[in-house]
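1. for reference, the sequence and a predicted model appear below.
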Amino acid sequence: MKRILIASILTIPFLSVFAAVPKWLTSHESSATEYYGLGMAPMSSGNYIEKASENALIDIARQIMVKVQNETFLSMIETDNQIKETLAQKTQMEVLNFLTGQELVGQYADKKSGLYYVCYKLNKVTYNAAVRAKSEEIASIGYDYLQQGDEALDRGELQRAYSMYSQGLDVVEPWLFLPLRDPKDPHLHIPTMLCQRSISIYDGLALTVTPSQLDVLPFTFLSQDISVQVLRRGTPVANMPVMATFAVGAGELTSEAKTDANGMAHFLLSKVTGKEPVQICRFQLSQVAEREITGILAKNMSVQTFPQTELTLSVQAQQIKAYIHNGTNDLPAMKKQIEAMLVNNHFNIVADPDDADIFIDLQTLLELGGTVKGEIYDLNECLVSVQINFYDYHTNQQLSSYNLSQLRVLCNQQNTMDQTLAQCTREAMKRVKRELPRKIPVIKK
């Protein structure tokens, strides 16, 4: 824009300011052969000649935009008014930048009003010739992206197709004021076709998960293969990202996989850790293009919802029996709290070790450190250690272990022993509750 104005202003003969009111100031209507643009700016402002010249060219651009909005893509696109307005403003600037061959009609300094006027004209034949040349160039590039997208779509490569369509939209977006039509088929409007393809690219998609229902045990190693097939109108879709999540419940599941040539994406369900009796794994397509989407149109055409399918997991009650043995037991209250945790994680705590599948050795150690001087009262330094080992009672094989080593707890010296033990237990359990669940072993009965 700046370049155009500077080039235009250099053509203005500064000394040719009219002494009398010029005719074009009151009669500058565009004709069948010419666009006329009138611009003005207060002479009290800086760079008033440049501003008046810019306004004159904007006046021409607005006249062209009226035709653009009536005849081209801006009137065809189905989108919200805010995006339409943003595109219209952007398109007007592109029209302004594209103007070439405009001629200065005249300039006039009105001392009475303090306004400076500039008038330009643009020959419609010259402008239309430039429009045709540029239209053919941009339409050719846009059509090439359209064809590449269609070819990828025919092969079932939706991500490739989406990338081609969106890249085509980014190419044509600055030139929406041009009649971008296929020279071989004038009925084919390139931007409209790119938009329609981008919107409909996920039409006809269907996802099927196999198996669709499973009976599982919680906290049991599963190694269950799950297959999701993606079809578009019966044709396998290749190289398509599929996302997997637990919609209900929790567990270990492959989070993402891409479809192969047969439209199959493979997932591994390793473990179910949720407590819900019925849990759901959801599989959904992901719109990930091969390139960054930058243009207003391409972003507006992105799909908001995607096809999905679900796998239902029926979680069977599991009665794995565990016995807790206390070795060093400096913190007795911790045993009950850890028992509650282990019950919540699907262990059935038993009183007789011979009835147990799992033998849990729990040791809590409390050591007294030094004295920490305080402003109000002195503190005792207590060091809390927790060691929990899990064994297979039948084979004596160690399955897992958890260790909390010398957690530092500062207790008021005026506390009773019971208060000190309660505080140390409370602080240690904050760590245990956060860290122990990851150490609970996978048991396979």
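-> Nice, I can see it.
2. so which residues of the stretch 251-400 of the chain form strands?
-> For the stretch 251-400 of the chain, applying DSSP state E, counting those that start in this stretch gives strands covering 251-253, 256-258, 264-272, 278-285, 308-315, 320-329, 347-349, 358-372, 379-392, 398-412.
3. nearest to Tyr35, of the ones you listed?
-> Of all the strands of the stretch 251-400 of the chain, it is strand 278-285 that lies closest to Tyr35, at 48.8 Å by Cβ to Cβ. Where you see a C-beta, it was placed from the backbone N, CA and C, and this is true even at glycine.
4. for Tyr165, which of the strands of the stretch 251-400 of the chain is the nearest?
-> Taking these one by one with Cβ to Cβ, strand 278-285 is closest: 16.4 Å.
5. that closest one: partners in the sheet, and parallel or antiparallel?
-> strand 241-248 (antiparallel), strand 308-315 (antiparallel) (DSSP bridges).
6. the inter-axis angle of the last one versus strand 264-272?
-> What that stands for is strand 308-315. Computed by axes from the mean of the first three to the mean of the last three Cα atoms, to 10 degrees, the angle separating strand 308-315 from strand 264-272 equals 30 degrees.
7. which is the next helix or strand following the helix or strand bottoming out on mean pLDDT in the chain?
-> Least confident helix or strand of the chain, by mean pLDDT, DSSP states H and E, is helix 2-9 with a mean of 46. Sequence-wise, the next helix or strand downstream of helix 2-9 (DSSP states H and E) is strand 34-42.
8. what residues does that following strand touch?
-> With Cβ atoms under 8 Å, 6 or more residues apart in numbering as the test, strand 34-42 has contacts from 24-25, 28-30, 48-49, 51-61, 63-64, 102, 105, 114-124, 127.
9. ok, of those, which come out buried?
-> Buried members of these, scored by 16 or more other Cβ atoms under 10 Å, are 24-25, 28, 30, 48-49, 51-61, 63-64, 102, 105, 115-122, 124, 127.
10. in the stretch 101-250 of the chain, which spans are helices?
-> All helices of the stretch 101-250 of the chain, identified by DSSP state H, counting those that start in this stretch, fall at 124-154, 158-172, 190-200.
11. just the angle between the shortest one and helix 124-154, please?
-> Taking the same axes, to 10 degrees, one finds that helix 190-200 is oriented at 30 degrees with respect to helix 124-154.
12. check the second one too.
-> With the same axes, to 10 degrees as the criterion, the two stretches helix 158-172 and helix 124-154 enclose an angle of 170 degrees.
13. how far does helix 158-172 sit from the chain's center?
-> Relative to its parent chain, helix 158-172 has a centroid offset of 17 Å by Cα atoms, centre = their mean, to the nearest Å.
14. buried residues in that helix?
-> By 16+ other Cβ under 10 Å, the buried positions in helix 158-172 come out as 158-172.
15. do the same with the shortest one
-> Neighbour-count burial for helix 190-200, with 16+ other Cβ under 10 Å as criterion, is recorded at Ile190, Pro191, Thr192, Met193, Leu194, Cys195, Arg197, Ser198.
16. and the average pLDDT for it is what?
-> Mean per-residue pLDDT for helix 190-200: 85.
17. dump the C-alpha coordinates for that helix into PDB.
-> Extracted C-alpha coordinates of helix 190-200, given in PDB (Å, rounded to 0.1, in the frame of the first residue of the first chain):
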ATOM      1  CA  ILE A 190     -12.500 -22.100  -7.400                       C
ATOM      2  CA  PRO A 191     -12.800 -20.600  -3.900                       C
ATOM      3  CA  THR A 192     -16.400 -21.900  -3.500                       C
ATOM      4  CA  MET A 193     -15.300 -25.400  -4.600                       C
ATOM      5  CA  LEU A 194     -12.400 -25.400  -2.200                       C
ATOM      6  CA  CYS A 195     -14.700 -24.300   0.700                       C
ATOM      7  CA  GLN A 196     -17.300 -26.900  -0.100                       C
ATOM      8  CA  ARG A 197     -14.700 -29.700  -0.300                       C
ATOM      9  CA  SER A 198     -13.100 -28.600   3.000                       C
ATOM     10  CA  ILE A 199     -16.500 -28.700   4.700                       C
ATOM     11  CA  SER A 200     -17.700 -32.000   3.200                       C
END
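18. and that helix, what does it pack onto?
-> Applying 3 or more Cβ pairs under 8 Å, 6 or more residues apart in numbering; DSSP states H and E, one finds that helix 190-200 contacts helix 73-76, helix 124-154, helix 158-172, helix 296-300.
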